[in-house]
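In: sharing a model prediction with you, sequence too.
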Amino acid sequence: MSSRTIAGSEEPADQREQISALARQRAEEYLQTGNRSAVIRAVAGYRLLVLSATNDEDRVEALSGLSASRQLLFGSRGLRSDIDDAIERGTAVLAMLDPTRPRTRHHANLGNAYRLRFEEVSSDRADLRAGLQHAWDALDDEAAPHVHAQRLSNFGLLLRLHFEALGRRDDIDESVEVIEEAVELADAAQRPQILSNASTSRRIRGARYGIAEDLHESRRLSNRALRSRETPEHLRVGLLINAALPDLDLFHLTDIAAHLKRAELALELALKLVDHGSPDHLIVLINLANLKRLLASADPAPGRSDEAVEVALAALAALPVRHPDRPRFLAAVGRALRTRLNLEGRAEDARDSVRYRSQAADYDGGDPYERALSAYTAGLWASEDNEHDTALHYLLTALDLLPKVVWLGLDRTTVLAHTVEWQDLARDVAASAIQNDELPVAIAALERGRTMFWSQVTGYPDESTRLRNAHPGLGDHLDRLDRISEQLAAARAAANEKISASRANS
C-alpha cells in the first residue's frame, strides 16, 4: 500500500481522503438539518487537513474547505471570528493558486463570505463591493447547470444588497432577472433556497416602486418553495417570512385588511418554528411587531396596541447591542408606542415614542435612510407634542443625513422617487425654525433643500423637465421654496437695515 508522510505522521493517503469525505458529509448534514455539531465537526476535519497538508495542492483544497465550513459555522452561531477567518482562508487560497488553474469555485466561496460579513456584521460597503466582484468572477456559463444556478443566485443576492445600499434601480432589475434564471437551472434540492432568494428580490422591487404584480409573484414563489417536498425543515421559517412580507406590502398599497390576516398566520407559524437566538428569530420578531401595529390601527380591539408594543420591545431586546439594524428595531418600538398614543391617549407614549425614534436617528453606523427617516419622524412628532426645541434639532438632523440618502450617483428613477419622498423636509425645518425664532436657520434650511434637490435633478440632461412632467406639483413646490427663500432673505435684510438704522440714531 502506498503512503506519504503527512505533517510528520505516517498516515496513509487514503486516511486523508476519508477525513476529507467525512468533513464534506458533515457540512452537507448541516445544510440539510441545521445541526451545529455537524458543522463544528466539519471545521475540525478541514483544520486537520490544513495542518497535515504536505503540498500546495492539498493545502489549497483543505483551506478552501475550511473557509466554506467556517462560513457555515458563522451562519450557525454568528461569531465575527468565524467569518473573518473564512475570508482570510479564502484569500489565501486565491493567492496560492497558479493563475492558469480554474478559480471560479474559489471566487464563489470568497464572494459569499464577504456577503455574509457585510450583511451580518460590518455594513461596510467595501465588503459589499468585494463580494460583488468575486461573485461576478465566479460566473461561468460552462459550469454544470446546478453550479451555475447557485452562482447566479448568489450574484443576484449581492446585486439586491447593492441596490439596498445605493438605490440604483438597475441593480434590483438585474437581481430579479439573474435569480429567476437560476431558478430555471436549479436542481430539485437547491431550488427551494433559490426560490426564496427570487421571492425576496421581487418583493423588494415591488415594495420600493409600488409594483403589485411583483408582490403577488413574490408570495407565489415563496409558497411554491413551501409546498416542495425537497424543502429542508430549517428553511421553512425563512420561507414563511418571505410569504408574509409581500402581504404586508400589499396592505400598504391597498389598505385591504385580508392581507394582514394572511401575513399574521404565516408569521405566527414562523414564530413557533424558529430557533430563539437565530438570525431568523430577529426577522420574525421585527416583522411581527410591525404587523401587530398595523393590525391595531386597522382593527383597534382591546389589547392590540399593547401587544404591538410588547412584540416590538421583545424584538429590540433580542437584538445585539451593536447590530447594524438597530435603528430599524428602535424605530419599530417608536411606531408601536405612537400607535398606542393615537388609539388610547397615554401621555407617556408621546415622550417615549419620540425617544426611541431619536435614538434610531442618533445611532452611528446604521443605515442612513433609516436614520434620516427616524430623525424626520422624531422631529414631526416632537412638533405635534409642542416640544419645539427637540423638533428643530431632529428635523435639522434629518436634513444633515439626507445627502447620504440622496446623492448624485443614484439613477434617475431613484433620485426622482427620493425627491418626492423628501420634498417637504426643508419646508418643515424652516417652519420649526420660525417657531423657535430662528429666522437665519429657516433661510439656510430652505436654501439647502432647494440646492440639494435641484442639484440632483439638474445633474442629468433635461431632468428638471422630466420632473415637472412626472410630478407637476413638485416642480411648483420647489418654485415656491425659491420664492419663500427669497422673501425670507429680503425680510431678514430689511430687519437688519432697521436694526442698523436704529443703532445709528441711538
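Out: That came through, no problem.
In: check what pLDDT residue 68 gets.
Out: pLDDT for residue 68: 94.
In: show residues contacting the host helix or strand of it.
Out: According to DSSP states H and E, residue 68 maps onto helix 56-77. With contacts defined as C-beta atoms under 8 Å, 6 or more residues apart in numbering, helix 56-77 is touched by 16, 20, 23-24, 27, 30-31, 34, 36, 39-40, 42-43, 46-47, 49-50, 53, 79-80, 82-83, 85-87, 89-90, 92-93, 96-97, 105-106, 109-110, 112-113, 116, 120, 279. Yep, even glycine has a C-beta here, placed from its N, CA and C like the rest.
In: list the buried residues for that helix?
Out: Of all the residues in helix 56-77, those buried under the rule 16 or more other C-beta atoms under 10 Å are 58-76.
In: list buried residues within the contacts of helix 56-77.
Out: 16, 20, 23-24, 27, 30-31, 34, 39-40, 42-43, 46-47, 49-50, 53, 82-83, 85-87, 89-90, 92-93, 97, 105-106, 109-110, 112-113, 116, 120.
In: please flag which of these sit within helices.
Out: The members of these that map onto helices under DSSP state H are 16, 20, 23-24, 27, 30-31, 39-40, 42-43, 46-47, 49-50, 82-83, 85-87, 89-90, 92-93, 105-106, 109-110, 112-113, 116.
In: what about residue 346, how many neighbours?
Out: Neighbours of residue 346 under the rule other C-beta atoms under 10 Å: 12.
In: quick one: it and residue 340 touch, right?
Out: Yes: using C-beta atoms under 8 Å, residue 346 makes contact with residue 340 at a distance of 6.2 Å.
In: residue 364 in helix, strand or coil?
Out: Assigned with DSSP: H, G, I helix; E, B strand; the rest coil, residue 364 falls in the coil class.
In: number of residues surrounding it?
Out: The burial count for residue 364: 5, using other C-beta under 10 Å.
In: quick one: it from residue 228, how far?
Out: 43 Å (C-beta to C-beta, to the nearest Å).
In: ditto for residue 206
Out: Residue 206 is 23 Å from residue 228, by C-beta to C-beta.
In: higher neighbour count, the two?
Out: Each of residue 206 and residue 228 has its neighbours counted (other C-beta under 10 Å); residue 206 has more, 24 against 16.
In: which non-adjacent residue is nearest the more buried one?
Out: Nearest in space to residue 206, with sequence neighbours left out and distances taken as C-beta to C-beta, 6 or more residues apart in numbering, is residue 214 at 3.0 Å.
In: now the helix holding residue 68: how far from the chain's centre is it?
Out: From the chain centre to the centre of helix 56-77 is a distance of 26 Å (C-alpha atoms, centre = their mean, to the nearest Å).
In: and it with helix 104-117, angle?
Out: Angle, helix 56-77 to helix 104-117, by axes from the mean of the first three to the mean of the last three C-alpha atoms, to 10 degrees: 30 degrees.
In: start the count at 14 instead of 1 going forward.
Out: OK, 14 is where the count begins now, so the last one is helix 69-90.
In: CA atoms only for helix 69-90, dumped as CSV, please.
Out: C-alpha atoms of helix 69-90 as CSV (Å, rounded to 0.1, in the frame of the first residue of the first chain):
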residue,chain,number,x,y,z
ASP,A,69,0.3,23.2,-2.2
GLU,A,70,-2.5,21.3,-4.0
ASP,A,71,-3.6,19.6,-0.8
ARG,A,72,-3.3,22.8,1.2
VAL,A,73,-5.4,24.7,-1.3
GLU,A,74,-8.2,22.2,-1.1
ALA,A,75,-8.1,22.0,2.7
LEU,A,76,-8.1,25.8,3.0
SER,A,77,-11.0,26.1,0.6
GLY,A,78,-13.0,23.6,2.6
LEU,A,79,-12.1,25.3,5.9
SER,A,80,-13.2,28.7,4.5
ALA,A,81,-16.5,27.3,3.4
SER,A,82,-17.2,25.4,6.6
ARG,A,83,-16.3,28.5,8.7
GLN,A,84,-18.9,30.4,6.8
LEU,A,85,-21.5,27.7,7.7
LEU,A,86,-20.4,27.9,11.3
PHE,A,87,-20.8,31.7,11.3
GLY,A,88,-24.3,31.2,10.0
SER,A,89,-25.0,28.9,12.9
ARG,A,90,-23.6,31.0,15.8
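In: show me what contacts residue 363?
Out: By C-beta under 8 Å, 6+ apart, the neighbours of residue 363 are 351, 354, 394, 398.
In: that one and residue 315, how far apart?
Out: 21 Å.
In: before we move on, what about residue 132?
Out: In terms of C-beta to C-beta, residue 132 sits 39 Å off from residue 315.
In: the two: which is more packed in?
Out: residue 132 (20 against 7).
In: so the more buried one makes contact with residue 171?
Out: No: using C-beta under 8 Å, residue 132 is not in contact with residue 171, being 9.7 Å away.
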